[in-house]
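Peer 1: sequence isn't available, so here's the structure alone:
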C-alpha cells in the first residue's frame with residue numbers, strides 16, 4: 001500500500017477502481033513520459049503490440065474508449081462498422097479530459113468520473129501480459145487480456161483489417 005502513496009493523484013484513483021474490481025496489479029511510475037506506444041514499450045521492455053493504447057473517439061458524437069494494440073493503427077471504417085455507428089472521429093483533448101478525467105497520453109482503461117462505453121482490440125488477446133496507461137503519462141500497469149475486458153466491461157472487436 002505504501003507504494004501507492006507515491007503515485008500521481010489520477011493513478012491513485014485508477015488503483016482504487018482496480019482494487020474495487022478485485023484486480024491486483026502494480027502501477028509503475030516511469031522516469032520519462034510514456035505518451036506513445038513506442039515510448040511505453042521502450043521503457044517497459046515489451047513488444048509495441050502488447051501496449052494497450054487508450055484512445056477516445058466520438059462515435060456519432062458520443063465519447064467511446066477504444067483499447068487498441070500499439071501494433072497497428074485503428075481503422076476508422078472498421079471501428080465504425082464494429083461499433084455500429086455512422087461516424088467516428090478522434091475526440092479533442094477537452095472531450096478526453098471530460099470523459100476520462102485524465103490527460104491524453106495517460107488515459108487508463110478505468111478510473112473515469114463515469115462509465116464510458118469501451119471496446120477492446122481483439123489483437124491484444126495474443127499477449128499473456130499487456131500494458132496500459134494508469135491515469136498519468138508517467139504511469140503504466142500490466143494486465144491480462146481477461147483482466148482488461150473484465151475491469152472495463154469492454155466489448156471485444158477488430159479495430160483494423162487483419
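Peer 2: Cool, got the structure. These figures come from a predicted structure and were not determined experimentally.
Peer 1: okay, and the closest residue to residue 111 other than its chain neighbours sits in which element?
Peer 2: Leaving aside its chain neighbours, residue 111 sits nearest to residue 14 (3.7 Å; criterion: CB to CB, 6 or more residues apart in numbering). The way it works is simple: take the backbone N, C-alpha and C, and place the C-beta from them, glycine included. Per DSSP states H and E: residue 14 is located in helix 9-20.
Peer 1: which parts of that helix are buried?
Peer 2: Across helix 9-20, burial judged by 16 or more other CB atoms under 10 Å covers 10-15, 17-18.
Peer 1: repeat that for stretch 122-134.
Peer 2: 122-125, 127, 130-134.
Peer 1: any chance of these in JSON lines, plus distance to residue 68?
Peer 2: Below are the buried residues of stretch 122-134 laid out as JSON lines (distance: CB to CB, whole Å):
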{"residue": "122", "distance to residue 68": "10"}
{"residue": "123", "distance to residue 68": "8"}
{"residue": "124", "distance to residue 68": "8"}
{"residue": "125", "distance to residue 68": "13"}
{"residue": "127", "distance to residue 68": "13"}
{"residue": "130", "distance to residue 68": "11"}
{"residue": "131", "distance to residue 68": "13"}
{"residue": "132", "distance to residue 68": "11"}
{"residue": "133", "distance to residue 68": "12"}
{"residue": "134", "distance to residue 68": "17"}
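Peer 1: so how far is residue 48 from the nearest residue to residue 69 once chain neighbours are set aside?
Peer 2: Spatial nearest neighbour of residue 69, excluding adjacent residues (CB to CB, 6+ apart): residue 123 at 4.1 Å. Per CB to CB, to the nearest Å, residue 123 is found 12 Å from residue 48.
Peer 1: who touches both of the two?
Peer 2: Residues touching both residue 123 and residue 48 by CB atoms under 8 Å, 6 or more residues apart in numbering: residue 71.
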